[in-house]
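[1] Any chance you could fold what I've pasted below:
(2 chains)
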There are 2 protein chains.
Amino acid sequence: MLSEFSLIDRFFARRAARHPSGSADGTLGIGDDCALLAPRAGEMLAISTDMLVEGRHFFADVDPEALGHKTLAVNLSDLAAMGAQPQAFTLAFSLPAADEAWLAAFSEGLFALAERYGCELIGGDTTGGPLNLCVTVFGSVPAQAALRRDAAQPGDDIWISGTLGDARAGLGVQRGEWSADASDAATFRRALERPEPRIALGLALRGVAHAALDLSDGLAGDLLHILERSNLRATVDVDAVPRSAALRRLAPDIQRRCTLAGGDDYELCFTAPAAARAAVEAAGREVALPVTRIGTISALQTAADRPAIGWRDAAGTPLTLTMQGFDHFHAD
Amino acid sequence: MLSEFSLIDRFFARRAARHPSGSADGTLGIGDDCALLAPRAGEMLAISTDMLVEGRHFFADVDPEALGHKTLAVNLSDLAAMGAQPQAFTLAFSLPAADEAWLAAFSEGLFALAERYGCELIGGDTTGGPLNLCVTVFGSVPAQAALRRDAAQPGDDIWISGTLGDARAGLGVQRGEWSADASDAATFRRALERPEPRIALGLALRGVAHAALDLSDGLAGDLLHILERSNLRATVDVDAVPRSAALRRLAPDIQRRCTLAGGDDYELCFTAPAAARAAVEAAGREVALPVTRIGTISALQTAADRPAIGWRDAAGTPLTLTMQGFDHFHAD
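    Numbering: from 1, shown residues only, chains lettered A, B, ... in the order given. Sure, this is the predicted structure:
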C-alpha cells in the first residue's frame, strides 16, 4: 500500500496546491481535512461535478493521457457554460491497481489542461475499486453575469460555437457503425478524446448572451433544457448547424444524427438578443472560435403549449426527426 | 432510461436546492450547468471530497438508509475537523441499476442528516456502473479560525472527542474476528454504520483549539498527520484513550488495536494550549460531548528527530505497539 501511496503523491499531490502562501487567492490545498477556497471578491463560486465510469464514458483501452485531459475538460466545459473563470478542482478516483505508467500519463493529460486554465488541484480521494473518476470543479463568476439556463428570452437568436457531431462520428467509427478515411477518422477521434472547454468564449459572452449550456448530450436534448428552464420554444434550421469538413463527407442522415443527437461535443449553445449579433460575432473573433446562428427563441403560444424545438431545413420546411440512439446518450 | 431518470428526480432533485430565491445565501442549485455558492461574508469555503466504493468501504448488503447517512457523515466530519459550518454538498454516484426501494432508503438516510445540519444538495451526477458514491461537501469558516493540521504548538495538550474503537470493534464482529453479546454488538454496529459528524464541537473549538483532524483511519496514523504537518512529536497515554463500556468488555489487546489502529471513528483529535483546558472542557459540555486529554505535543529535539508518537501506559512506561491491520485502514 505504501507504493500505491507514493505513486499517488508523486503524480498528483506534488502538483497540487499545498500552501496558503502558494496561491494568490489564499487557497489551502491538499494535506488538510478540507481545502479552503473563496471566489473573487464580490463573485460566487460556480460548482459542477461529473463522474466518468469505465465502459460507459470511456473504453478500458483508452489512452490514459487523453482520459486525463477529458476528465477535467468535461468539467471545465460546465464552467464555460456558466461564464465562470476556472479556479480549482478536486479529484476522487477509484483504481483497480496502481499502474505507474497509466497514472503518469493520466496525470500528465489532467495537469496539462489544468495548468493551461490556472485551475489548481485542491483536494481529492483515492481508493481501490473499479475505475471511476469524479471531478468537482470550481470557478468564479459575478452572480449577475452567470449564463444561466433559465435566462433565454423570446426573440433571442440561438448560437453554437465551433462545429457539432465530430465526437459522435468518432464513436461511430470506433463502433464500426460507419467508416471514414484515416485523416477524417483522426479528426473525429481527436474531437472525441480531447474536447476543448470553451472557457474563453464563456467569459467573452458575459453581458452579451442570455442563456447558455454546454452540449454534452446532443443539441436536441440539451437545447430543450434551456427551453424547459426558460419556458420557451425554439425553431432551429438543421442545415445551419455547423459541421466540420470531415463530417460533411459522411452521409447526410449520419451528419444529422451526429450533430443533433450526438453528444460529447462540449461546444456552447447560447441565446442572445438580435441586437447583440455584432457583439456575439466580436466575442467569437476575440477568442478565435467560429460562432454560428442556427435559430430563434419564441414564446409559448397557448396554455397547452410546451417547451419544444421546431426543426426546419434551409428552405424553411418543417422536419420531423427521429433520434436513434438519443435516449442512450441522454441517460447520463 | 426515463424511469431511471424519474426515480432520481423523485428521490434527489426534488429535495435539492433549485432556486436562488429558495436559499438565504443565493445558492443556485440543481438544474443548471453549475451550482452557484458563496461562503458567508468574509469567510472561505471549506471543501472536502470522499469516494465510497462497494466492497471496500461498505458491504453490498449494507442497510441503504445507513449508507446514505454515512456517505454524507464522513464528509461532514471533515468540515467538523476544520471548524466549518456546513452549507451544501454535491453527490455523484454510479449505480448498477435503479432500485426504487434502495434509492428511497439511501436518500432518506442522506437527507435526514443533511437537513439536520442545514446542508443543501446543490448538484450531482448519476450514471450506470459499479456502485460508487462520491460526495463533495462545502462549509463556511473564517480563514483565521480554521482548525488546520499544521497549527499544533509545543506544549499543547492532545484531546479526543467521544470514545474510540467501537466502529473497528463492529467490523471485527461482522468479520468474526471476535464476538460480543447482542447489546454490545448493536453498540458497535451503530458506531460503524451511523457515525455522527462532530460539527457542533468543531464550531465550539474555533479560537480554542490549535490543530484538529477527524479520526477516519485510526488514532496512530491520523495523529501522525498533525505531527508531520506541524513538525512536532507527541506523547500519548494509551490507557487514557476514551473507550465505551462495550469496548472495555473486549480483551485489552483488542481494545488497543481498535482504539489506536482502528478507523471509521469520526471523532475529533485536536490540540490546544494547556491554558485552554477549561475552555475545551466548556466546549465539550456546551455540545454535550465528552472530551478527553490523552497526551501532549513537544518540539523535535535534534536535527535527526522526526515527527512521531511516543506511546506510554498509565504508569508512564514506554510501549512499543504493533498495529496489525493498520496499513489496510490507512490505504484509503
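[2] What's the local residue count around A:H210?
    Using other CB atoms under 10 Å in any protein chain shown, A:H210 has 21 neighbouring residues. All C-beta spots, glycine's among them, are computed from the backbone N, C-alpha and C.
[3] got the contact list for it?
    Each residue near A:H210 by CB atoms under 8 Å, 6 or more residues apart in numbering or on different chains is listed here: A:L147, A:A151, A:A152, A:Q153, A:D156, A:F270, A:T271, A:A272, A:P273.
[4] Spell out the secondary structure type for it.
    In terms of secondary structure, A:H210 is coil; the call rests on DSSP: H, G, I helix; E, B strand; the rest coil.
[5] now it: how far from A:D99?
    Relative to A:D99, A:H210 is positioned 46 Å away (criterion: CB to CB, to the nearest Å).
[6] Might you list the low-confidence residue ranges for chain A?
    Scanning chain A with the threshold set as pLDDT under 70 gives A:1-9, A:14, A:17-30, A:322-332.
[7] Could you chop it up by domain?
    A:2-144, A:148-323 (automatic domain parsing).
[8] Is it possible to get CSV of the ones you listed that adds distance to B:I226?
    Putting the domains of chain A into CSV (distance: least, CB to CB, whole Å) gives the following:
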stretch, distance to B:I226
domain A:2-144, 10
domain A:148-323, 38
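[9] Comparing those domains, which comes out most buried?
    Comparing the domains of chain A on average neighbours per residue, with mean count of other CB atoms under 10 Å in any protein chain shown, the densest one is domain A:2-144 at a mean of 21.
[10] ok now that domain, how far from the chain's centre?
    The chain centre lies 15 Å from the centre of domain A:2-144; the measure is CA atoms, centre = their mean, to the nearest Å.
[11] Chain B contacts on the stretch 51-200 of chain A?
    Within the stretch 51-200 of chain A, the positions lying close to chain B (CB under 8 Å from any CB of the partner chain) are A:51, A:53-57, A:78-79, A:81-82, A:84, A:90, A:92-94, A:122-130, A:132, A:134, A:136, A:138-139, A:141, A:143, A:146, A:148-150.
[12] In three-state terms, how would the residue in the stretch 151-300 of chain A that chain B sits nearest to be classified?
    Among residues of the stretch 151-300 of chain A, the one nearest chain B by CB to the nearest CB turns out to be A:L213. It sits 5.5 Å away. Of the three states, A:L213 takes strand according to three-state DSSP.
[13] any idea how far the closest residue to it other than its chain neighbours is from A:D253?
    The shortest distance from A:L213 to any residue other than its chain neighbours is 4.9 Å, reached at A:A81 (CB to CB, 6 or more residues apart in numbering or on different chains). Per CB to CB, A:A81 is found 29 Å from A:D253.
[14] what's the answer for A:Q85, then?
    Remark: distance between A:Q85 and A:D253 (CB to CB) = 40 Å.
[15] right, and A:D265 touches A:G165 too?
    Yes - shown here, A:D265 and A:G165 form a contact pair, counting by CB atoms under 8 Å, at 7.1 Å.
[16] can you give me the strands for chain A?
    With DSSP state E applied, chain A shows strands at A:35-37, A:44-53, A:85-95, A:120-128, A:132-141, A:157-161, A:212-214, A:232-237, A:268-272, A:291-299, A:309-312, A:318-319, listed in chain order.
[17] I'd like those as TSV, with distance to B:R249 appended.
    Putting the strands of chain A into TSV (distance: least, CB to CB, whole Å) gives the following:
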stretch	distance to B:R249
strand A:35-37	41
strand A:44-53	43
strand A:85-95	36
strand A:120-128	33
strand A:132-141	40
strand A:157-161	67
strand A:212-214	58
strand A:232-237	67
strand A:268-272	63
strand A:291-299	70
strand A:309-312	68
strand A:318-319	75
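[18] ok, A:G172 touching A:I254?
    Yes - counting by CB under 8 Å, a contact exists between A:G172 and A:I254, whose distance comes to 7.2 Å.
[19] Between those two, which contacts overlap?
    When contacts are counted by CB under 8 Å, 6+ apart, A:G172 and A:I254 have A:W178 as shared neighbours.
[20] what about A:S230, distance to B:D32?
    In terms of CB to CB, A:S230 sits 11 Å off from B:D32.
[21] Now do the shared contacts for these two.
    Among the neighbours of A:S230, those also in contact with B:D32 (CB under 8 Å, 6+ apart) are A:R149, A:D150.
[22] Quick check: chain neighbours aside, which residue is closest to A:E43?
    For A:E43, the spatially nearest residue (CB to CB, 6+ apart) is A:S140, at 4.6 Å.
[23] oh, I was asking about A:A146
    Going by CB to CB, 6+ apart, A:A146 has A:M82 as its nearest residue, at 5.3 Å.
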